[in-house]
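**Student:** quick one: sequence plus predicted model below, questions after.
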Amino acid sequence: MSKQPRKKWYERIPHPVVMLFIIIVLTALLSYILPAGSYERELIDGRQRVIPGSYQQIDQTPVGLLDLFTAIPLGFVQAARIIFVVLASGIMFGVLEKSGMVENTVGTIIRKMGLEKKYFLVVLMTFIYGFLGVAVGYENNIAMVPIAAVISLALGGDLILAAGISVGAITVGFGLSPINPYTVGTGHTIAEMPMFSGAVLRSVLCLAGLSILAWYNVRYFKRILKNKDRSIGKGLDTKGFTLTHPIDTYSITANNWIVLSLFLGGIAAMLYGIFVHHWYINEISAIFLMISIACGIAARMNPKDFSETALKSIAIVAPGAFMVGYATSIKVVMEMGNISDTIAFQLSSALSTLPTYGSAVAMTLAQSVINLMIPSGSGQALATLPIMIPVGELLGLTRQSTILAFQIGDGVTNLFNPALGGLIAMLSICRVPFDRWLRFIFPLVGIIMLVAWVALLFSVFIEWGPA
């Protein structure tokens with residue numbers, strides 16, 4: 001009888017639906033093990049912020065079986081805005097793809113640049129998507145992900161490479177951004193420091209992270225070009241992403257130019273609203289829908305074609321939209337059990353026993369653990385930094401270093417956080433299963449984390465201040 005080969009670690013990863021349900025159940029079980037506790041909070045600039053030193057235990061509120069399953073629809077209620085922006089972005093790309101604009105534009109660009117520059121294009125697109133993460137935000141870039149899929153496949157890559165170029169770069173750029181308003185901005189507000197101070201070191205770290213990702217993407221690309229069997233994306237559905245004609249036949253028609261202009265004009269209006277009027281998810285969804293209708297009219301789609309295209313597009317992105325609400329259920333369970341503040345209190349207490357350099361590294365690990373339960377950057381900052389900043393000062397860490405430790409723990413972990421709805425949504429739009437994404441991205445997470453720790457320890461060594 002032949003011996004069955006041992007499964008590799010990535011073959012043991014459960015389906016994301018199962019993985020998240022396990023996390024939800026474990027979180028509910030923690031409500032029976034951990035004491036319930038709460039910090040007092042104060043309202044500052046319209047947001048609830050923890051008051052340091054105010055933690056106290058309260059009556060335990062364990063999450064029962066009915067509460068456990070009730071948390072799932074409640075998670076969808078809390079995540080409704082993000083769920084809809086996923087659907088809206090799916091509709092928009094479906095209309096753009098149906099118009100032929102995306103295929104013709106990508107085909108023409110590659111025809112003019114030449115396939116011999118394919119590695120340069122991978123590096124260039126990685127940095128472009130990284131810049132979008134730095135400057136535009138996270139969920140705001142959902143609609144840009146499918147374009148990377150078309151480009152990657154046109155170059156001879158796969159959907160995993162497309163996710164590395166887009167999802168990976170957006171996540172690294174956003175997570176390590178020197179001007180991230182949710183992590184750095186909120187942290188500086190809590191610490192009463194100049195907004196976005198210390199931008200030089202953060203910019204160097206962000207650039208290093210994107211450079212490592214670009215190298216990692218090219219390395220993977222070369223590997224699969226040499227041997228297609230080594231593609232992690234082998235067998236994934238690429239329908240609608242692939243070019244249907246030889247490269248040398250592509251050109252951009254007059255109608256394509258009109259659709260492209262409407263798309264770029266809509267994105268420009270969205271960016272103006274984000275930076276000037278502080279638009280967020282609902283306004284972005286509205287812009288995506290407006291772009292969809294305008295481009296559908298420009299492409300001479302009749303109402304029936306437009307409606308069928310919209311519904312087919314929704315069907316494609318629906319799994320990602322579902323996972324967003326499903327992942328948010330973890331946060332609901334923690335709120336029901338009143339254990340999130342307890343976890344923050346216990347971790348901060350453990351840090352106080354460590355030496356200065358060790359505590360800085362351990363603080364990133366503590367924030368990484370908390371990020372799996374509170375994936376919102378600003379929410380995590382408001383819940384933990386009022387506690388971590390005083391602890392850091394007692395250990396000899398400057399406020400700037402403490403905020404950097406928080407940013408690293410939050411930002412790098414986002415590359416593999418199953419509770420982060422935006423990540424799951426973008427991977428779904430790119431049609432990349434979470435288990436295959438983990439197989440691709442996990443080695444990179446370790447490399448970027450090591451580089452980030454070097455930057456963090458350097459900040460401790462120079463006693464990094466607010467400048």
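**Tutor:** Here it is on my side, so go on.

**Student:** what's the longest helix along the chain packed up against?
**Tutor:** For the chain, the longest helix by residue count, based on DSSP state H, is helix 303-337. For helix 303-337, the packing partners by 3 or more CB pairs under 8 Å, 6 or more residues apart in numbering; DSSP states H and E come out as helix 16-33, helix 65-78, helix 80-99, helix 281-298, helix 421-429. Just so you know, the C-beta spots here come from the backbone N, C-alpha and C atoms, and that holds for glycine as well.

**Student:** what are the buried residues along it?
**Tutor:** The neighbour-count check on helix 303-337 (16 or more other CB atoms under 10 Å) flags 306, 309-310, 313-314, 316-317, 319-334, 336-337 as buried.

**Student:** keeping just the C-alphas, turn the helix or strand just after it into PDB.
**Tutor:** Using DSSP states H and E, the helix or strand that directly follows helix 303-337 along the chain is helix 340-351. Output in PDB follows, covering the C-alpha atoms of helix 340-351 (Å, rounded to 0.1, in the frame of the first residue of the first chain):
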ATOM      1  CA  SER A 340     -11.700  43.900  23.500                       C
ATOM      2  CA  ASP A 341     -10.700  46.300  26.300                       C
ATOM      3  CA  THR A 342      -9.600  43.300  28.400                       C
ATOM      4  CA  ILE A 343      -7.300  42.100  25.700                       C
ATOM      5  CA  ALA A 344      -5.800  45.600  25.200                       C
ATOM      6  CA  PHE A 345      -5.300  45.900  29.000                       C
ATOM      7  CA  GLN A 346      -3.600  42.500  29.400                       C
ATOM      8  CA  LEU A 347      -1.300  43.000  26.500                       C
ATOM      9  CA  SER A 348      -0.200  46.500  27.700                       C
ATOM     10  CA  SER A 349       0.400  45.000  31.200                       C
ATOM     11  CA  ALA A 350       2.600  42.300  29.700                       C
ATOM     12  CA  LEU A 351       4.700  44.900  27.800                       C
END
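
**Student:** what is helix 340-351 packed up against?
**Tutor:** If you count contacts as 3+ CB pairs under 8 Å, 6+ apart, helix 340-351 packs onto strand 37-38, helix 356-371, helix 377-395.

**Student:** reformat the ones you listed as TSV; add mean neighbour count.
**Tutor:** Converted to TSV, the helices and strands packed on helix 340-351 look like this (neighbours: other CB atoms under 10 Å):
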stretch	mean neighbour count
strand 37-38	18
helix 356-371	20
helix 377-395	22
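
**Student:** can you tell which of those is closest to L260?
**Tutor:** In terms of CB to CB, the element of the helices and strands packed on helix 340-351 nearest to L260 is helix 377-395, at 32.8 Å.

**Student:** how far off centre is stretch 29-40?
**Tutor:** Computed by CA atoms, centre = their mean, to the nearest Å, the chain-centroid distance of stretch 29-40 equals 28 Å.

**Student:** how long is that stretch end to end?
**Tutor:** Distance across stretch 29-40, first residue to last, is 25 Å (CA to CA, to the nearest Å).

**Student:** show me the contact partners of it.
**Tutor:** With contact meaning CB atoms under 8 Å, 6 or more residues apart in numbering, stretch 29-40 is reached by 50-51, 54-63, 333, 336-339, 341-346, 386-387.

**Student:** quick one: average pLDDT of stretch 54-69?
**Tutor:** Taken as a whole, stretch 54-69 has a mean pLDDT of 94.

**Student:** how far out from the middle of the chain is it?
**Tutor:** Relative to the centre of its chain, stretch 54-69 is centred 29 Å away, using CA atoms, centre = their mean.

**Student:** for A71, see how far away the closest residue to T27 other than its chain neighbours is.
**Tutor:** Residue nearest to T27 in three dimensions, not counting chain neighbours: V333, with 4.6 Å by CB to CB, 6 or more residues apart in numbering. Per CB to CB, to the nearest Å, V333 is found 5 Å from A71.

**Student:** got it, and N217?
**Tutor:** Distance from N217 to A71, counting by CB to CB: 37 Å.

**Student:** ok, the two, which is more surrounded?
**Tutor:** Neighbour comparison, N217 and A71: the larger count goes to N217, with 27 against 24 (by other CB atoms under 10 Å).

**Student:** surely the more buried one meets I165?
**Tutor:** Yes: using CB atoms under 8 Å, N217 is in contact with I165, at 5.9 Å.

**Student:** joint contacts of these two?
**Tutor:** Common neighbours of N217 and I165, counting by CB under 8 Å, 6+ apart, are V122, T126.

**Student:** L225: what's it in contact with?
**Tutor:** Applying CB under 8 Å, 6+ apart to L225 gives the contacts G156.

**Student:** and it, what element?
**Tutor:** With DSSP H and E as the test, L225 turns up in helix 199-226.

**Student:** what stretches of the protein score poorly on pLDDT?
**Tutor:** Across the chain, the ranges flagged by pLDDT under 70 are 1-11, 45-47, 467.

**Student:** on that earlier part again, and the helices and strands packed on helix 340-351 as a markdown table, adding distance to V136?
**Tutor:** Listed next are the helices and strands packed on helix 340-351 as a markdown table, based on distance: least, CB to CB, whole Å:
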| stretch | distance to V136 |
| --- | --- |
| strand 37-38 | 35 |
| helix 356-371 | 21 |
| helix 377-395 | 15 |
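
**Student:** let me know which of these is the nearest to F76.
**Tutor:** Between the helices and strands packed on helix 340-351, helix 377-395 lies closest to F76; by CB to CB that is 17.9 Å.

**Student:** next, the angle helix 340-351 makes with that closest one.
**Tutor:** Inter-element angle recorded for helix 377-395 and helix 340-351: 30 degrees (by axes from the mean of the first three to the mean of the last three CA atoms, to 10 degrees).

**Student:** relative to helix 199-226, how tilted is the next helix or strand after helix 377-395?
**Tutor:** Sequence-wise, the next helix or strand downstream of helix 377-395 (DSSP H and E) is helix 399-413. Interaxial angle, helix 399-413 versus helix 199-226 (the same axes, to 10 degrees): 20 degrees.
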